[in-house]
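Engineer: Next comes the sequence, and after it the predicted model I'd like to discuss.
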Amino acid sequence: MNAGARREKLMKLLEEAEGAVSATALARTLSVSRQIIVGDIALLRAAGAHITATPRGYVLERGAPGELRTVACRHTTPQDMEQELNIMVDNGCTVVNVIVDHLVYGQLVGQLNLSNRYDVSEFIRAVEAHGAKPLSDLTGGIHLHTLRCPDEEAYRRVMGALKAAGILLT
């Protein structure tokens with residue numbers, strides 16, 4: 001299979017996927033190395049494909065329903081981070097990303113796409129397994145999240161629960 005045909009097949013696999021697909025799984029399916037997939041994804045993005053890398057793999061962006069909202073938070077412990085994310089997904093929202101404003105690099109964005117407690121627990125497990133630090137460590141715990149909420153009421157529930165937990169930055 002030539003490179004063009006492989007990238008077409010790669011796009012088809014992402015279009016048909018129910019969720020995130022790892023580069024390793026895509027490489028196995030297409031009988032190439034993981035590095036080839038990473039390069040193909042970069043070329044597809046450069047050509048205009050809206051592919052997002054998440055902690056669980058690649059996702060093709062679709063016109064997902066719901067309202068996008070931004071919430072400002074502050075926490076200092078990993079337990080607070082897990083509590084924060086669970087509050088968001090428990091109230092029906094998807095945590096699209098995390099954003100920090102770095103003094104040198106400007107705005108840094110980490111794609112998350114967490115929709116349920118399983119997603120949150122897998123994210124927390126990956127952070128712990130790799131000894132990774134949250135982006136919010138760069139800014140004293142202050143960060144933003146973009147949420148995709150099914151409606152305004154879900155957003156209000158998230159805001160109320162974050163405030164009650166002492167995580168909402170006010």
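Structural biologist: Thanks, I have it.
Engineer: Quick one: residues contacting the nearest residue to Ala72 once chain neighbours are set aside.
Structural biologist: Excluding the flanking residues, the one nearest Ala72 by CB to CB, 6 or more residues apart in numbering is Leu169, at 4.0 Å. C-beta here means a position set from N, CA and C on the backbone, and glycine is covered the same way. By CB atoms under 8 Å, 6 or more residues apart in numbering, the contact set of Leu169 is 72-74, 142.
Engineer: Closest one to Lys9 out of those residues, please.
Structural biologist: Lys9 lies nearest to Cys73 out of these, by CB to CB, at 39.9 Å.
Engineer: Show me what secondary structure element comes after the host helix or strand of Ala25.
Structural biologist: Assigned by DSSP states H and E, Ala25 falls within helix 23-30. Per DSSP H and E, the first helix or strand lying C-terminal to helix 23-30 is helix 34-46.
Engineer: And the contacts of Leu169, which is closest to Val127?
Structural biologist: Checking these against Val127 with CB to CB, the nearest one is Cys73 at 16.2 Å.
Engineer: wait, what's in contact with that closest one?
Structural biologist: 84, 136, 142-145, 162, 167-169.
Engineer: could you point out which element follows the helix or strand hosting it?
Structural biologist: Taking DSSP H and E as the criterion, Cys73 maps to strand 67-74. Note on strand 67-74: by DSSP H and E, the next helix or strand toward the C-terminus is helix 78-90.
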